[in-house]
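# Compute the structure for the input listed below.
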Amino acid sequence: MTETILSLKQISKSYQMGEEEQAVLKSINLEIKKGEFLAVLGPSGSGKSTLMNIIGLLDEPTSGHYFLAGNQVDHLSEKELAAIRNKEIGFVFQQFQLLQKLTALQNTELPLIYSGIPAKARKKRAIEMLERVGLKDKMLNRPHQLSGGQQQRVAIARALVTEPSILLADEPTGALDQKTGQQIIKLFQELHGEGKTIVMITHDLEVAANGSRIIRILDGEIDEVNKHDD
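Residues are numbered from 1 along each chain as shown. Alright, predicted model coming up:
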């Protein structure tokens with residue numbers, strides 16, 4: 001039986017808007033299995049970004065419980081959450097979020113610096129990850145010397161460098177042209193084939209169709225999508 005790596009139980013999130021409380025997520029129940037490639041599909045304003053922030057431990061639920069790798073994480077301190085984020089979750093963002101003054105290699109090394117990994121081991125691991133994403137010859141380039149697709153590959157290498165339990169990708173093809181976006185999706189599929197657990201947030205059904213499972217989020221509620229339906 002495949003191990004459950006992430007479990008959300010009755011997760012709700014509300015924000016105070018003046019005198020009114022606005023519910024963004026409503027009693028979300030979600031289980032993600034180890035090695036799964038889950039696509040979370042939803043339009044702007046559906047609650048998918050809030051769901052991503054809660055999965056990524058960037059935001060706390062108003063109510064409900066969150067278990068990551070068997071441990072309850074919804075009531076931990078900010079310091080404890082930061083340590084888990086750095087170790088267990090690799091982030092890939094739409095706009096890459098690379099530091100412009102650093103090389104591809106230095107950008108990839110960053111999470112390992114925060115983990116206290118010695119410099120020699122850090123560099124070796126970062127080189128391995130950049131080679132894995134096909135950037136062996138671009139390691140000393142800075143972001144402005146790379147194409148959008150290459151920058152996203154650096155971001156993926158940086159996300160993988162700590163060997164996280166989950167790769168969390170927020171609209172990873174959103175800033176790329178169609179051909180480059182397809183290349184990035186192909187890379188995600190290869191990583192999934194190697195056993196990586198991937199959660200990808202997208203508004204694009206064609207992109208979502210590359211996941212092994214799709215859930216749709218609308219008005220803060222989720223339902224399963226049968227991949228064989230239209």
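# Can you name every helix or strand that the helix or strand hosting residue 12 contacts?
Assigned by DSSP states H and E, residue 12 belongs to strand 4-17. For strand 4-17, the packing partners by 3 or more Cβ pairs under 8 Å, 6 or more residues apart in numbering; DSSP states H and E come out as strand 20-33, helix 48-55, strand 63-68, strand 197-202. Where you see a C-beta, it was placed from the backbone N, CA and C, and this is true even at glycine.
# can you list the residues that contact it?
21-34, 36, 47, 50, 54-55, 59, 61-69, 165-166, 197, 199, 220 (Cβ atoms under 8 Å, 6 or more residues apart in numbering).
# Just the buried positions in it, please.
5, 6, 7, 8, 9, 11, 13, 14 (16 or more other Cβ atoms under 10 Å).
# residues touching the residue lying closest to the fourth one once chain neighbours are set aside, list them.
Nearest-residue entry for residue 8: residue 30, 4.4 Å, with adjacent residues in sequence omitted and distances by Cβ to Cβ, 6 or more residues apart in numbering. For residue 30, the contacting residues are 6, 7, 8, 11, 215, 222, taking Cβ under 8 Å, 6+ apart as the criterion.
# likewise residue 221?
So residue 221 contacts 26, 27, 28, 47 (Cβ under 8 Å, 6+ apart).
# out of those, what pair is the most spread apart?
27 and 47 (11.8 Å; Cβ to Cβ).
# Who has more neighbours out of the two?
A direct count of neighbours by other Cβ atoms under 10 Å for residue 27 and residue 47 places residue 47 higher, at 22 against 15.
# Tell me, how many residues neighbour the nearest residue to the more buried one once chain neighbours are set aside?
Using Cβ to Cβ, 6+ apart and skipping residues adjacent in sequence, the residue nearest residue 47 is residue 220, 4.2 Å away. Neighbour count for residue 220, taken as other Cβ under 10 Å: 22.
# does residue 220 really touch residue 26, like I thought?
Yes: using Cβ atoms under 8 Å, residue 220 is in contact with residue 26, at 4.4 Å.
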